[in-house]
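Novice: I'd like to go over a predicted model; first the sequence, then the structure.
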Amino acid sequence: MLIALLGPTASGKTHLAVELAYTLGGEIISADSRQLYRRMDIGTGKDLSEYVYNGQPIAYHLIDVLEPGEQCNLFEYQQMFYEVYEQLSARHTPMILCGGSGMYAEALLRNYELAPVAPDRELREKLEMLSDAELTAILAAHQTLHNSTDTSSRKRLIRAVEIALANPETHKSKRKGIESLIFAIDLPQQARWQRIETRLTARLEVGLVEEVQSLLNEGIAPENLIYYGLEYKFVTLYLLGKIATREELFRQLNIAIRQFAKRQMTYLRGMERRGLQLYWLNGLEPTETLLTTIRETIRQYGSRRANA
């Protein structure tokens, strides 16, 4: 069985997932679309130092598997996930799917089958003429799976529309569905905002700007970093002189991350409306309390399944 642990940015998912994996003897599979990339550590919040508990390393997957500048769509992520899933299933290893990319998680949990979508230059030229609002409307009309959660830059928004138009009817895969329990972390807005601000301050202090500068020095095109959105978009614009001061960088980025977290929560609520059962966790509670809640939910699920 797959345990999914989802939630907005800065909700404490990684820490909780590591302790849960330790408790269950499991391994973690990332459901974060940006943690796929090597050397994009601070801006994506990999927090790899946290993948140790009581001196025991916790194995993780789908982190640091691609080079910066590469683009990975939902179909490609699915294929990588299934490869890991089958390996761990063969070993009967408990799996914790952890991340904030709701679109990626839902594609797995609802067992969607998507076709690979090659870039369509002619279509992109037409889409470039539309406003962000018009693109978002097209996205909403064509597929519930694709929404604004994973569109933190205009390029990602256009790519999402391109994929949605190429997959007009998302349907269930012939692959056997994944048995899963889905937990989602909720936080009051003010607490979420405070954690975002605190974490952003820390990331800037430990070298977020320098990380992005290093990627640019490698020869990665600015537009490719802007494509990844949020930290990489705004810091790149700052380094290009399009954001004047570090204070203005902080202000704009803080607002953007708040907005992104709100969209993530909206997406999670939408997953419920689309038929998935989510067990909500109070993100203000201590980790041990949350672990107890998760373990009890797993126990009850197992009992119901045994008696069915």
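Specialist: Cool, got the structure. Numbers count the residues shown, from 1 in each chain.
Novice: shouldn't Arg295 be in contact with Thr23?
Specialist: Yes: contact between Arg295 and Thr23 holds when scored by C-beta atoms under 8 Å: they sit 7.1 Å apart. Just so you know, the C-beta spots here come from the backbone N, C-alpha and C atoms, and that holds for glycine as well.
Novice: let me see the contact set for Met271.
Specialist: Applying C-beta atoms under 8 Å, 6 or more residues apart in numbering, we find Met271 in contact with Gly102, Glu106, Leu109, Ile182, Leu278.
Novice: what is the nearest of the residues you listed to Tyr227?
Specialist: Gly102 (19.2 Å; C-beta to C-beta).
Novice: now that closest one, nearest residue through space, not along the chain?
Specialist: Of all residues not flanking Gly102 in the chain, Tyr267 sits nearest, at 3.8 Å (C-beta to C-beta, 6 or more residues apart in numbering).
Novice: give me the next element, helix or strand, following the lowest-mean-pLDDT helix or strand in the chain.
Specialist: Lowest mean confidence among the helices and strands of the chain (mean pLDDT, DSSP states H and E): strand 171-172, at a mean of 49. With elements assigned by DSSP states H and E, the helix or strand that comes after strand 171-172 is strand 180-186.
Novice: just want the angle from the helix or strand just after that following strand to strand 180-186.
Specialist: Once the chain leaves strand 180-186, the next helix or strand it forms, by DSSP H and E, is helix 189-205. Counting by axes from the mean of the first three to the mean of the last three C-alpha atoms, to 10 degrees, helix 189-205 lies at 90 degrees to strand 180-186.
Novice: what is helix 189-205 packed up against?
Specialist: helix 246-273 (3 or more C-beta pairs under 8 Å, 6 or more residues apart in numbering; DSSP states H and E).
Novice: so which residues make contact with the helix or strand where Glu19 lies?
Specialist: When elements are assigned from DSSP H and E, Glu19 belongs to helix 13-24. Residues external to helix 13-24 that are found in contact with it (C-beta under 8 Å, 6+ apart): 3, 5-7, 26-28, 45, 47, 50-54, 56, 58-59, 94, 96, 98-100, 185, 287, 290-291, 294-295.
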